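S.K.: Predicted structure and sequence below. I'll ask about it afterward.
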Amino acid sequence: MLQRFLSSIIAVMMQPFLRSDEDAEYAEAVLARNFRELRRLLGREPDGGRPILVLGGCTTPMHIACEIGDEAAVSRFIANQVDVNVQRGDGCSPVFIAAHNGRDGILALLIRAQADVDIQQWKGVSPLYTASQQGLDRVVELLLRAKADVDPQTKIGESPIYIAAQNNHDRIVRALIHAQARVNIQRDSGETPLYMASQNGHADVADLLIKAQAEANRQQKRGVAPLHIAAQQGHARIVSLLIDAGAAVDLQDIDGTSALHLASQFGHETVAKFLLNANASLNIQRTTGSSPLYLASTGGHERIVNLLIKEQADVNLRAMKGTAPLQAASQMGHFRIANALIRAQADVDIQNDTGSTSLLFAAQFGRTGIVESLIKSKANPNLLRSTGSSPLFMASQNGHLDTVKLLIMAQADFNVQNDMGLTPLHIASNNGHYRIVDLLVRVRADLIR
């Protein structure tokens with residue numbers, strides 16, 4: 001019902017532009033995807049190159065025949081001297097349509113008729129590109145035999161070998177390499193075929209490209225190289241291939257990020273091991289100051305934290321705003337990581353730019369287990385944030401009763417005031433944490449303050 005309604009609407013809208021009732025029949029058959037009817041119309045078509053307005057775009061019977069795979073019609077049109085390079089409204093040639101739809105028989109007919117195999121449609125997509133994108137091996141073979149340009153780029157700079165590498169079409173990548181395609185060609189944003197294979201985990205394609213002299217250290221516009229993206233995605237085999245190919249393990253992007261940063265941030269232990277075995281810098285820092293250990297501690301990647309500690313990473317190296325790995329782990333509640341850092345002699349009283357300590361962060365978020373570990377390691381419970389807030393104040397403010405108990409037992413000063421003159425008792429009362437209020441009163445908090 002809906003299809004009939006749409007057909008009638010389109011027929012009305014197109015009526016002023018249609019040359020004949022037969023054109024209307026084409027439009028209706030195309031809309032319905034009625035290939036049988038299209039073949040009937042093509043069988044009696046006298047002019048395969050004439051324009052037909054279909055679904056708001058201009059096409060020809062030749063294009064329709066190429067799309068639906070009607071070899072008989074194409075052969076007849078060629079014999080009748082139809083222009084084999086006639087372009088549709090969107091710039092698509094018959095060769096493009098045949099290549100795009102995998103019509104290798106029709107493509108062979110067009111090539112024998114001396115059709116131009118390099119005409120690009122309006123986005124700059126060539127027949128070889130669309131065949132490479134879809135993994136159409138036979139079509140690619142025919143185009144390469146016809147001496148198609150192997151490196152035409154789309155309007156965003158993508159080439160056939162780029163898109164074949166992205167989509168893991170290894171046989172096509174091999175064929176393009178054999179045809180002397182440029183393996184280091186870059187799209188507008190700077191990514192190479194090797195970058196795309198590395199990003200998507202296509203190890204066999206990456207190996208082919210590397211053996212064809214693809215540059216392992218070629219960076220895109222933000223400085224990201226194949227090794228960076230492979231490390232981020234956890235593609236260990238590709239990381240190994242890139243290292244063997246001479247990839248610089250400490251290469252940094254515009255933010256100062258290295259491959260080890262990314263492996264640590266995303267928890268890829270095997271990748272981190274490969275990088276460390278290749279002598280990646282343990283304490284390399286981003287522009288924000290983040291080290292691999294800091295990122296692993298923040299992200300909760302315990303095995304990588306242990307690996308980095310074993311390799312003697314600096315456990316007190318601070319990131320932006322002066323935050324150290326132990327503070328990050330304490331804030332995020334990564335108990336086992338915090339303990340690993342404490343065992344590695346991390347400074348339990350280190351303060352960031354606002355004066356916050358690991359104990360304050362743990363208290364603020366109610367990380368009771370971490371609070372207990374820090375207290376056992378002699379963390380000072382009375383170090384204050386720049387606003388005058390103490391660990392006890394933060395625990396009282398947020399209603400963490402068990403944390404408050406631990407801090408009181410550790411001799412935390414329950415009468416210390418922040419910059420606004422508020423004590424832990426004040427803030428607990430203001431926020432309705434009455435069990436904490438009762439506890440503080442029972443330990444004789446100074447109610448006058």
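M.R.: Right, received. Where do you want to start?

S.K.: And the helices in the stretch 151-300 of the chain?
M.R.: Ranges of helices in the stretch 151-300 of the chain, per DSSP state H, counting those that start in this stretch, are 160-166, 170-178, 193-200, 203-211, 226-233, 236-244, 259-266, 269-277, 292-299.

S.K.: Excluding covalently adjacent residues, which one is nearest to residue 399?
M.R.: residue 433 (4.3 Å; C-beta to C-beta, 6 or more residues apart in numbering). Where you see a C-beta, it was placed from the backbone N, CA and C, and this is true even at glycine.

S.K.: The one you found: neighbouring residues, count only.
M.R.: Residue 433 has 22 neighbours, counted by other C-beta atoms under 10 Å.

S.K.: just residue 282 next, same as before
M.R.: 18.

S.K.: Can you point out the buried residues in the helix or strand containing residue 37?
M.R.: Counting by DSSP states H and E, the element that carries residue 37 is helix 35-43. By neighbour count on 16 or more other C-beta atoms under 10 Å, the buried set for helix 35-43 is 38-39, 41-42.

S.K.: Report the residue spans of the protein with pLDDT below the cut-off.
M.R.: Regions of the chain meeting the criterion pLDDT under 70 cover residues 1-22, 55-56, 445-449.

S.K.: Distance check, residue 48 against residue 25.
M.R.: Distance, residue 48 to residue 25, using C-beta to C-beta, to the nearest Å: 16 Å.

S.K.: more neighbours, those two?
M.R.: The neighbour comparison of residue 48 against residue 25 (other C-beta under 10 Å) goes to residue 48, with 25 against 16.

S.K.: In a markdown table, list the helices of the stretch 151-300 of the chain along with mean neighbour count and distance to residue 123.
M.R.: Output for these, formatted as a markdown table (neighbours: other C-beta atoms under 10 Å; distance: least, C-beta to C-beta, whole Å):
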| stretch | mean neighbour count | distance to residue 123 |
| --- | --- | --- |
| helix 160-166 | 30 | 13 |
| helix 170-178 | 21 | 20 |
| helix 193-200 | 28 | 18 |
| helix 203-211 | 22 | 24 |
| helix 226-233 | 28 | 25 |
| helix 236-244 | 22 | 30 |
| helix 259-266 | 27 | 32 |
| helix 269-277 | 21 | 36 |
| helix 292-299 | 29 | 39 |
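
S.K.: can you list those helices in JSON lines and add distance to residue 375?
M.R.: Below are the helices of the stretch 151-300 of the chain laid out as JSON lines (distance: least, C-beta to C-beta, whole Å):
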{"stretch": "helix 160-166", "distance to residue 375": "53"}
{"stretch": "helix 170-178", "distance to residue 375": "58"}
{"stretch": "helix 193-200", "distance to residue 375": "46"}
{"stretch": "helix 203-211", "distance to residue 375": "49"}
{"stretch": "helix 226-233", "distance to residue 375": "38"}
{"stretch": "helix 236-244", "distance to residue 375": "40"}
{"stretch": "helix 259-266", "distance to residue 375": "29"}
{"stretch": "helix 269-277", "distance to residue 375": "31"}
{"stretch": "helix 292-299", "distance to residue 375": "20"}
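
S.K.: give me every residue that touches the closest residue in space to residue 58 that isn't next to it in sequence.
M.R.: In space, and not counting its chain neighbours, residue 58 is closest to residue 89: 3.7 Å by C-beta to C-beta, 6+ apart. By C-beta atoms under 8 Å, 6 or more residues apart in numbering, the contact list for residue 89 reads 57-59.

S.K.: are any of those residues buried, and which?
M.R.: residue 59.

S.K.: list the contacts for the residue lying closest to residue 169 once chain neighbours are set aside?
M.R.: Closest residue to residue 169 apart from its sequence neighbours, by C-beta to C-beta, 6+ apart: residue 135 at 4.2 Å. When contacts are counted by C-beta under 8 Å, 6+ apart, residue 135 touches 164, 167, 169, 172.

S.K.: Residue 315: which of these is nearest?
M.R.: residue 167 (43.5 Å; C-beta to C-beta).

S.K.: Next, count neighbours for the closest one.
M.R.: Residues near residue 167, counting by other C-beta under 10 Å, number 19.
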